[in-house]
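S.K.: dropping the sequence and predicted coords here.
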Amino acid sequence: MGLALVVIGLVSSVLISIVSAYSGSVPLIANFEYIQFLLVISGVLLMLAGIATVLLPEGLAKVGIWSIQTGPYH
């Protein structure tokens, strides 16, 4: 999913730049630049989350759990 968002962001940026080059419309790039930025950043974050789940299938280390379990509300 993350890779798909990055690819969509990159392909749409190329297509929008081609359209704006032929039409001469600079605001067209400015309007879609924010959306493309969000697509690429969210895609990169999703890819990093996917890599983290592959590398750490059991989650983060459970080193500090004992202090939580010894509290008065456990």
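M.R.: Arrived safely.
S.K.: just the buried residues of stretch 38-47, please?
M.R.: Buried residues in stretch 38-47, counted by 16 or more other C-beta atoms under 10 Å: Leu39, Val40, Gly43, Leu46, Met47. Quick note: C-beta positions are derived from backbone N, CA and C, even for glycine.
S.K.: now do the SS call for Glu58.
M.R.: Three-state assignment for Glu58 (DSSP: H, G, I helix; E, B strand; the rest coil): coil.
S.K.: quick check: the gap between it and Ala52.
M.R.: 12 Å (C-beta to C-beta, to the nearest Å).
S.K.: ok, Val7 next?
M.R.: According to C-beta to C-beta, Val7 stands 21 Å off from Ala52.
S.K.: what of Ser25?
M.R.: 40 Å.
S.K.: repeat that for Met1.
M.R.: From Met1 over to Ala52 the distance is 14 Å, taken as C-beta to C-beta.
S.K.: thanks again, I'm all set now.
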